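1. coords please:
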Amino acid sequence: MPDIYGVMCVQAETHVVTGPSDRDEVIQRNVARAVDLLEFAGAEARFETRLVVFPEFCLTGVPESRTLQD
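-> As a prediction, the model looks like this:
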């Protein structure tokens, strides 16, 4: 019988990097939020979460201002 464990799929609000000047600060905020959510997953022992999935733009946010040509 396979092991049964919890999986957490995260769709959190992220802040968007708008340029090089705010890149580090925005990514740090997004990383801090991701760590908070990971700690929550670990604290919920009843779920035995062993896999946490984040969206592809969870650290930088979706670059909304860019066009297809960019």
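
2. What residues of the helix or strand containing residue 29 count as buried?
-> Element membership for residue 29, per DSSP states H and E: helix 23-43. Buried residues in helix 23-43, defined by neighbour count with 16 or more other Cβ atoms under 10 Å: 26, 27, 30, 33, 34, 37, 41. Where C-beta positions appear, they are placed from N, C-alpha and C, glycine not excepted.

3. Over to stretch 54-66?
-> 54, 58, 59, 61.

4. can you put these in CSV and add secondary structure and distance to residue 4?
-> Compiled in CSV, the buried residues of stretch 54-66 are given as follows (DSSP: H, G, I helix; E, B strand; the rest coil; distance: Cβ to Cβ, whole Å):
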residue, secondary structure, distance to residue 4
54, coil, 22
58, coil, 26
59, coil, 30
61, coil, 34
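
5. out of those residues, who's nearest residue 6?
-> The closest of these to residue 6 turns out to be residue 54 (Cβ to Cβ; 15.5 Å).

6. For that closest one, which non-adjacent residue is spatially closest?
-> Excluding its sequence neighbours, the residue lying closest to residue 54 (Cβ to Cβ, 6 or more residues apart in numbering) is residue 10, at 5.1 Å.

7. roughly how far apart are that neighbour and residue 18?
-> 23 Å (Cβ to Cβ, to the nearest Å).

8. Please apply the same query to residue 55.
-> To residue 18, residue 55 is 19 Å away according to Cβ to Cβ.

9. mind listing what the residue nearest to the spatial centre of the chain touches?
-> Note on the chain: the residue nearest the mean C-alpha position is residue 58, at 4.0 Å, using Cα atoms, centre = their mean. Applying Cβ atoms under 8 Å, 6 or more residues apart in numbering, we find residue 58 in contact with 10, 12, 14, 30, 34.
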